[in-house]
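S.K.: Whatever this is, show me its structure:
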Amino acid sequence: MKNLSTSNKKIKIYGPYTPAIRSGNFLFLSGQIPINKKNGEIPEKISEQTQLSLKNILYILKEHHLCIKNIIKITIFTTELKKLDAINQTYSNFFKKYTKIYPARSCIGVLVLPRNVSIEIEAIASYI
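M.R.: Residues are numbered from 1 along each chain as shown. Next comes the predicted model:
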């Protein structure tokens, strides 16, 4: 059984999807693009976009009483595979603040992403 877990009123969405759905002990987060929730701006640098996408994931996790340590799988979609070093550095620094264990991860190169951003990150978290 699945439960809608996030109020669309709290998180602005840009399409026909739910930001997060809980199924059993897992929370599945839809891909988060780097849109600043306060002003709608999108940073230009891939490192800033990576950081903001991760912060948006953290926001959803906190809303569900979870934290970064609860993430078990991350999938990164990027139009900038040639900048993977910058993505990895930002990603690593972000996770080091919260945990010593990185989640499992995939990184996929794509042609285009919504709103012409360079990165989108989705996550799966566990309640146990």
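S.K.: Could you use CA atoms for every contact and neighbour count after this?
M.R.: Noted.
S.K.: In this structure, mark out all the helices, start to finish.
M.R.: For the chain, applying DSSP state H gives helices covering 46-63, 84-96.
S.K.: which one of the ones you listed is the most hemmed in?
M.R.: Highest mean neighbour count among the helices of the chain (mean count of other CA atoms under 10 Å): helix 46-63, with a mean of 20.
S.K.: Name the residues that touch that helix?
M.R.: Here helix 46-63 makes contact (CA atoms under 8 Å, 6 or more residues apart in numbering) with 6, 19-20, 29, 32-36, 42-43, 67-68, 80, 83, 86-87, 90-91, 94, 117-123.
S.K.: Could you do stretch 67-81 as well?
M.R.: 46, 58, 61, 95, 98-99, 101, 103-113, 118-128.
S.K.: Now the buried members of the residues you listed.
M.R.: Those of the contacts of stretch 67-81 that meet the buried threshold are 46, 58, 61, 95, 103, 118-126, by 16 or more other CA atoms under 10 Å.
S.K.: out of the contacts of helix 46-63, which are inside strands?
M.R.: Ala20, Leu29, Gln32, Ile119, Glu120, Ile121, Glu122, Ala123 (DSSP state E).
S.K.: Can I get the helices of the chain in CSV including mean pLDDT and distance to Gly24?
M.R.: What follows is the helices of the chain, written out as CSV (pLDDT from 0 to 100; distance: least, CA to CA, whole Å):
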stretch, mean pLDDT, distance to Gly24
helix 46-63, 96, 16
helix 84-96, 98, 25
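S.K.: Including distance to Ile72, could the ones you listed go into TSV?
M.R.: Listed next are the helices of the chain as TSV, based on distance: least, CA to CA, whole Å:
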stretch	distance to Ile72
helix 46-63	12
helix 84-96	12
